[in-house]
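**Q** Predicted structure and sequence below. I'll ask about it afterward.
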Amino acid sequence: MKISDRTVINKICCAALSMLILSGCAEKNDDNGTYETEAVTYKVIYENNGYVRPDDYYNSEIGTEYITVPPEMRISYGYEQLEKNERQVYDIILEAVINCEETVEIPNIDRSGKVYNKLLELLRCENSALFHIKRRETGQTGLAAQSFTLEITYSYTPEQVNRMIRETEKQADNILGLITDDMDDYDKLKLFHDSLIINCSSDIDGEYADTVYGALVDKKALCEGYARAFSYLCSRSGIENIIVTGTAGEAHMWNMVKLDGNWYHVDVTWDHPDRLLSEHYPDMVLYNYFLVSDADLTGSRTIDDRMFTPPRATSSIMNYFYHEGMYADSYEAALNVIETGCAEAISENRHSFMVKLASDQLYSDVIGRLSARADSSADTDISAAMQRAGFNGRISYTDMYSSGRVIVFLLDY
């Protein structure tokens with residue numbers, strides 16, 4: 001069986017990226033680990049380098065006047081690039097949103113309005129806890145105005161949001177509980193990536209699909225929900241990360257992570273199999289966009305750098321195919337990789353494995369052998385490699401990643 005005519009996975013994820021503010025808490029960290037604003041004070045407890053909440057955290061009374069924001073639901077990479085007066089406006093809006101204020105006076109620091117759009121988008125991008133914003137509108141300003149009014153409406157009450165945040169934290173705890181002592185940061189990132197793909201479905205109709213709650217609790221997400229959930233899990237594990245926005249045919253959101261001193265892209269959404277593959281292989285996880293460089297994304301998307309300047313991702317050292325030994329630069333090496341990948345998939349009871357080829361010619365050679373008709377002997381070497389690995393079924397594959405010279409082998413036991 002060959003699943004073809006799909007050069008990329010069917011993405012149902014990105015059309016809902018909007019101009020809504022989805023913001024978090026502007027925190028101050030003192031030596032005791034207390035994060036606070038004028039309206040919110042809460043304690044973060046660290047133990048053995050891990051984030052641990054008080055025993056009564058989940059059962060304690062939920063506040064109804066403001067949103068309590070876990071520090072890991074905020075990223076400050078873009079915030080750190082702001083000018084001093086831009087940070088002032090950012091913090092004013094942030095505090096207002098935390099307190100669910102419907103109007104807030106903003107200093108008029110930019111007559112063109114471009115700075116405010118940047119700040120509002122940055123709030124949305126770098127803060128995942130405050131998903132209760134429904135709409136925002138700015139009042140009229142003149143050139144001489146010292147300030148203007150921002151009007152905000154909300155979809156949920158602070159009590160509802162706080163309850164949803166705690167449910168999200170519980171679900172994150174379940175995933176983080178799968179981390180073992182022998183796992184390094186690469187293993188943790190792979191765990192987060194795989195858990196989100198297997199347990200969350202791409203769903204444009206999910207009520208919370210653009211939120212961290214949607215991905216982890218409701219288990220229905222768009223690209224925004226996947227990116228926020230992955231970021232939150234990374235932050236909970238102490239892995240530096242950012243959320244990136246851009247276009248990939250339409251508005252899109254994904255992640256960048258810092259691993260062993262180098263930055264990489266991770267796109268959980270685009271590694272989610274399309275609906276047809278998911279139905280036939282519910283345990284399938286793809287890795288074409290797991291720990292990739294800027295060069296690997298060339299032609300598939302454009303990064304938006306208007307909010308902040310993202311880091312460069314120039315390394316391929318920790319890329320899935322190189323790190324896992326699933327990269328081949330010759331036909332003989334490809335046979336060895338296919339045999340190894342097949343054996344590992346069988347031992348782990350997985351129904352797929354992926355191989356990346358070094359050149360277009362090598363890719364064509366392997367695909368040519370796989371596409372040979374049944375009465376041909378041209379594919380006997382690949383069949384023999386998979387038989388040595390213990391697989392005796394029909395060889396199936398998908399070439400949806402042909403632009404990256406990646407073949408996904410499908411195993412039907």
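**A** On my side now, so go ahead.

**Q** Now residue 301: closest residue in space that isn't a chain neighbour?
**A** Leaving aside its sequence neighbours, residue 301 sits nearest to residue 248 (CB to CB, 6 or more residues apart in numbering; 3.9 Å). Just so you know, the C-beta spots here come from the backbone N, C-alpha and C atoms, and that holds for glycine as well.

**Q** Residue 290 versus that neighbour, what's the distance?
**A** 16 Å (CB to CB, to the nearest Å).

**Q** more neighbours, these two?
**A** Between residue 248 and residue 290, counted using other CB atoms under 10 Å, residue 290 has the larger neighbour count: 25 against 21.

**Q** quick one: contacts for the nearest residue to the more buried one once chain neighbours are set aside?
**A** Leaving aside its sequence neighbours, residue 290 sits nearest to residue 320 (CB to CB, 6+ apart; 4.5 Å). Going by CB atoms under 8 Å, 6 or more residues apart in numbering, residue 320 touches 190, 287, 290, 291, 326, 354.

**Q** tell me which residues of stretch 321-329 are tucked away?
**A** Neighbour counts using 16 or more other CB atoms under 10 Å place 321, 323, 324, 326, 327, 328 of stretch 321-329 among the buried residues.

**Q** now swap in stretch 103-115 and tell me
**A** Buried positions in stretch 103-115, judged by neighbour count with 16+ other CB under 10 Å: 104, 106, 108, 115.

**Q** Give me the subset of the residues you listed that lies in helices.
**A** Using DSSP state H, the subset of these located in helices is residue 115.

**Q** Can you lay out the buried residues of stretch 103-115 as CSV showing distance to residue 259 and pLDDT?
**A** Shown next, in CSV, are those (distance: CB to CB, whole Å; pLDDT from 0 to 100):
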residue, distance to residue 259, pLDDT
104, 39, 91
106, 38, 89
108, 42, 87
115, 33, 89
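
**Q** Show me what the nearest residue to residue 137 once chain neighbours are set aside bridges to in the sheet.
**A** Leaving aside its sequence neighbours, residue 137 sits nearest to residue 151 (CB to CB, 6+ apart; 4.8 Å). Note on residue 151: beta-bridge partners residue 103, residue 137, judged by DSSP bridges.

**Q** Please tell me how far residue 151 sits from residue 252.
**A** Per CB to CB, residue 151 is found 29 Å from residue 252.

**Q** Now do the domain split for the protein, please.
**A** 34-159, 325-413 (automatic domain parsing).

**Q** Any chance of the ones you listed in a markdown table with distance to residue 215 as columns?
**A** Output for these, formatted as a markdown table (distance: least, CB to CB, whole Å):
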| stretch | distance to residue 215 |
| --- | --- |
| domain 34-159 | 10 |
| domain 325-413 | 22 |
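
**Q** which one of those domains has the lowest average pLDDT?
**A** Among the domains of the chain, domain 34-159 has the lowest mean pLDDT, at a mean of 78.

**Q** Can I get stretch 100-110 as PDB, trimmed to CA atoms?
**A** C-alpha atoms of stretch 100-110 as PDB (Å, rounded to 0.1, in the frame of the first residue of the first chain):
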ATOM      1  CA  CYS A 100      -9.800  41.100  34.600                       C
ATOM      2  CA  GLU A 101     -10.200  44.800  34.300                       C
ATOM      3  CA  GLU A 102     -12.500  45.800  31.400                       C
ATOM      4  CA  THR A 103     -10.800  49.200  30.700                       C
ATOM      5  CA  VAL A 104      -7.200  50.200  31.100                       C
ATOM      6  CA  GLU A 105      -5.400  53.500  30.400                       C
ATOM      7  CA  ILE A 106      -2.300  53.100  28.300                       C
ATOM      8  CA  PRO A 107       0.500  55.800  27.900                       C
ATOM      9  CA  ASN A 108       0.600  57.100  24.400                       C
ATOM     10  CA  ILE A 109       4.200  56.200  23.400                       C
ATOM     11  CA  ASP A 110       3.600  55.700  19.700                       C
END
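
**Q** just how off-centre is that stretch within its chain?
**A** From the chain centre to the centre of stretch 100-110 is a distance of 31 Å (CA atoms, centre = their mean, to the nearest Å).

**Q** what do you get for stretch 235-253?
**A** Worked out by CA atoms, centre = their mean, stretch 235-253 lies 6 Å from the chain centre.

**Q** Show me what counts as buried in it.
**A** Quick answer for stretch 235-253 (16+ other CB under 10 Å): 235-237, 239, 241-246, 248, 251-253.

**Q** and of these, the nearest to residue 313?
**A** residue 244 (9.9 Å; CB to CB).

**Q** Following element in sequence after the helix ranked longest in the chain, please.
**A** When the chain is parsed with DSSP H, its longest helix is helix 158-176. Elements were assigned by DSSP states H and E; along the chain past helix 158-176, the next helix or strand is helix 185-199.

**Q** Against which helices or strands is the helix or strand just after that following helix packed?
**A** Sequence order places strand 201-202 as the next helix or strand after helix 185-199, per DSSP H and E. Where contact means 3 or more CB pairs under 8 Å, 6 or more residues apart in numbering; DSSP states H and E, strand 201-202 is packed against strand 220-221.

**Q** got the CA positions of the helix or strand following the strand it packs on in PDB?
**A** Later in the chain than strand 220-221, the nearest helix or strand by DSSP H and E is helix 223-236. Extracted as PDB, the C-alpha positions of helix 223-236 are listed here (Å, rounded to 0.1, in the frame of the first residue of the first chain):
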ATOM      1  CA  CYS A 223      -1.200  24.700  16.400                       C
ATOM      2  CA  GLU A 224      -1.500  27.300  19.100                       C
ATOM      3  CA  GLY A 225      -2.700  24.800  21.600                       C
ATOM      4  CA  TYR A 226       0.100  22.300  20.700                       C
ATOM      5  CA  ALA A 227       2.800  25.000  20.900                       C
ATOM      6  CA  ARG A 228       1.600  26.300  24.300                       C
ATOM      7  CA  ALA A 229       1.400  22.900  25.800                       C
ATOM      8  CA  PHE A 230       4.800  21.900  24.500                       C
ATOM      9  CA  SER A 231       6.300  25.100  25.800                       C
ATOM     10  CA  TYR A 232       4.700  24.700  29.200                       C
ATOM     11  CA  LEU A 233       6.100  21.100  29.600                       C
ATOM     12  CA  CYS A 234       9.500  22.300  28.600                       C
ATOM     13  CA  SER A 235       9.500  25.200  31.100                       C
ATOM     14  CA  ARG A 236       8.300  22.800  33.800                       C
END
